[in-house]
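[1] Here is a sequence with its predicted model. Questions after.
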Amino acid sequence: MSVSLSRKISLLGDFAVGKTSTVARSVRNTFSEAYLTSVGVKVDTKTLPDAEGRDLRLVLWDIAGASSLDQMRANYIGGSQGLLLIADGTRADTVDTVLALRDQAVRLLGRDLPAVLILNKCDLAGEWEVPPERLRELAQRLPVFSASARTGQGVEEAFAALASAVADAPAGSKSP
Amino acid sequence: MNGEYDRLRQLLLEQERDRMDALQDSVGKATARFERVPDLLAEDIEASLRAGKRSRLANVLSEASADSLEIAVRRRPQAVVQAVYPIIGPAIRRSLSDALRQMADDLDRALSDTFSPRALLWRWEAWRSGTPYAQVMLRHTARYQVEHLFLIAPESGLLLGHLTASGLPALDADAVAGMFTAIHQFVRDSVTVDEESAGIGSATVGGYRLAVSEGPAARLVAFVRGVPSSDFGMRLDELNEELHARYGAQLGEAESVGIAGAGLLEQPQLDDLNSRWATQQGGTRPQRRKYMWAALTLAALALLVYAALGWRWSSQVGAIERHLSATPGLVVSKLDGGERGRLRIEGLMDPLASDPRTWLAQHYPRVEVEMRTRPFVSLEPQLVQRRVAQTLRLPEAAVKAPDTKGVIRLTGSVPFPDWYRARATPLSTPGVIGIDYDGLSYPQKTQIDAAIASIQSLELSFLSGTVTPDAGWERALAEMGQKLQALERIGATSSIAFHIQAAGLTDEPGTLDQNRGLRQQRAEWLASRLAAQLHRPSTMTVNQDAAFALPQNASTRAAVVTVVPYPAPVQR
């Protein structure tokens, strides 16, 4: 029996920040994106090795974008052991939104939990709105990665950081 | 004055005042402690629960609560019912709905199977084995397979265990468990109004039926291929209860601590969920399948043979019909070959027509024939020919088919009696205008005809007006006698005898009476002399018709004979 860990990761972010696109090219897609519009969430998985050589299975709940967590979204994040926060670097307000979503999630869950912030669309340098000082401030609060869903830049690094953070957290399950 | 009064009062009451202040302080502290009594009691109960042992207060409260509840139920049952109804009601409704659904399934299955051959077989099996029919039916109808079994943490959707039936492609169990949980929550939040029965209890997706068992710490989801038995939900619940009993708090901790949950499901549990029939009969199923295929093959072969026999019978009926239609003297109005091997023929048949049963017996000996025909006279040439031959009692080969004028020609050589009878028998046959006998002969006919012609060419001359023969009559009479005797000898070899008639001839002179007398006398003269030379059964007679005939342009004074052959009577 090989041992692996599983962790539930909720993807949070405002509308059209590229949550689905960011993870689409590096996860195991089982279900159609139609679930996002119908059910409001789509579940994918991604397996990474942890520091001890075990398989760490990230169960990614891609929750449909919103500026706040309504009742349904609040139910979806239940039992999460990590958050993958995604904002659009060309829209500075989405950073504030995703941080607010994170705070709301923490309040709903009643506990703090590991989180990683991805600033998407770093390939659009000319339209970038997040100033460096803001980035430094964010980096002091949580791991921040500039990434591009189009080129794939920075995505795997963000996942690796998140996996490292949640692997040690006291939550998850082992599977045969 | 007042100062003294106050001092006096202080001296008298100071001790009492100090005591009252102390009492007031004590009362204040007690009041403060009473205000914290609920918190202190709660802390005491929580501490005892955490420690896993019950305190005195907990014991007292539990006893008091139980007694209070008992008294309340006894005194105000309606109020208690109303209080617990929101909790018990949904549970009762769910239990009733499950029971009704199970009963409906059983009833539907029982009704659908009651009158089928399979049900009769099961009834026989139940009677033979003494097993209740319902049990036998359930054993045979529970054909399904649990292909996936998920044990899922209800809140997070994380997988606590997953089993897949052998031979199925791998799937992303984590994603499926998560997505199922998401949909479950979506359904619960979107469409359900009853929190106690919220979420998906069962569902049908394509060829799968989803059965869900909800537990406080784990959700058990079975993806079932086929139609599970009505007690499947109950068995799934039992398994979930077993898992909760076995792992207890470990299930709940799995999602918060993340160290448990692996391998919580075991293969025997999946096997047990699958039908007992499938498990027990798994080894014999291929054998049964083999028999089933063999039976199907045999049935197909039987069908093929049946079709081939049917096609062959149709061909035979067609051939028979064509033959009967071409048979002279037979008009078929109905030919019934509906039952294989049996033929019913209706129509008209000439009695002289060939009996089709003879032909059928020769060519189709296994065909049973029933004929219903009415007689009629056929004018077909073949039948006319046969009818003439039968009438004349001649071989059919001696009778030719009628020509376009309706004349039948007789040909060939037949025994003399047949030849004689054919010529002597009058004929009145439909379709026949006349008979041509010229082609018909008998053995020695040429020789006898020549001899008769030679005899009939002889004349014995007489003197005019007398019955006295001319000179040399002796030689002429002897020649005639010798030729007749020779003819008799020829005829004797073939049992042919001869009728000989003597006729007298006269010339014109003389009266009619004189000439008639002369013809009569001349014929008698010759007959009397030839008769002495003939032998039986030949006969010698006088041709009276010739005597009474009126001769025209006659110039011969003679006597002649005519010879007619006939069958010699059989000597006894």
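    Perfect, I can see it now.
[2] what's the neighbour count on B:Val227?
    14 (other CB atoms under 10 Å in any protein chain shown). C-beta coordinates here come from the backbone N, C-alpha and C atoms, glycine included.
[3] Is B:Met371 in contact with B:Ile345, as I believe?
    Yes - counting by CB atoms under 8 Å, B:Ile345 is a contact partner of B:Met371 at 4.8 Å.
[4] leaving aside the residues next to it on the chain, what's closest to the one residue in the stretch 151-300 of chain B that gets nearest to chain A?
    Closest to chain A within the stretch 151-300 of chain B is B:Ser156: 2.3 Å, counting by CB to the nearest CB. Excluding the flanking residues, the one nearest B:Ser156 by CB to CB, 6 or more residues apart in numbering or on different chains is A:Gly79, at 2.3 Å.
[5] B:Gln485 now?
    Nearest to B:Gln485 is B:Gln533, by CB to CB, 6+ apart, at 6.3 Å.
[6] Make sure that neighbour is indeed in a helix.
    No - counting by DSSP: H, G, I helix; E, B strand; the rest coil, B:Gln533 falls outside a helix, being coil.
[7] Next, count neighbours for it.
    Here the number of neighbours of B:Gln533 (other CB under 10 Å) works out to 15.
[8] And A:Gly79, by the same measure?
    When neighbours are counted by other CB under 10 Å, A:Gly79 comes out with 22.
[9] Any regions of chain A where pLDDT drops low?
    A:1-4, A:29-34, A:37, A:169-176 (pLDDT under 70).
[10] need the longest helix for it.
    helix A:92-109 (DSSP state H).
[11] what are the pairing partners of the very next helix or strand once past that one, and which direction each?
    Next in sequence after helix A:92-109, counting helices and strands by DSSP states H and E, comes strand A:115-120. Strand A:115-120 has its sheet partners listed here by DSSP bridges as strand A:82-88 (parallel), strand A:144-146 (parallel).
[12] picking that back up, which of B:Met371 and B:Ile345 has more residues huddled nearby?
    B:Ile345 (23 against 16).
[13] So what sits opposite that one in the bridge?
    B:Leu335, B:Met371.
[14] surely it meets B:Glu368?
    No - counting by CB under 8 Å, B:Glu368 is not a contact partner of B:Ile345; they are 11.5 Å apart.
[15] How about the contacts made by the closest residue to chain B within chain A?
    The minimum distance from chain A to chain B, using CB to the nearest CB, falls at A:Gly79 (2.3 Å). Listed by CB atoms under 8 Å, 6 or more residues apart in numbering or on different chains, the contact set of A:Gly79 reads A:Lys8, B:Ala153, B:Glu155, B:Ser156, B:Gly157, B:Leu158, B:Glu255.
[16] what do you get for A:Asp50?
    Contact analysis of A:Asp50 by CB under 8 Å, 6+ apart lists A:Leu5, A:Leu56, A:Ala163, A:Ser164, A:Ala167.
[17] Distance check, it against B:Ala170.
    From A:Asp50 across to B:Ala170, the span is 22 Å (CB to CB, to the nearest Å).
[18] gap between the two ends of stretch B:532-546?
    Terminal residues of stretch B:532-546 lie 22 Å apart, using CA to CA, to the nearest Å.
[19] swap in stretch B:341-356?
    16 Å.
[20] in that stretch, what's buried?
    Residues B:Leu343, B:Ile345, B:Gly347, B:Leu348, B:Met349, B:Asp350, B:Leu352, B:Ala353, B:Ser354, B:Pro356 are the ones in stretch B:341-356 that count as buried (16 or more other CB atoms under 10 Å in any protein chain shown).
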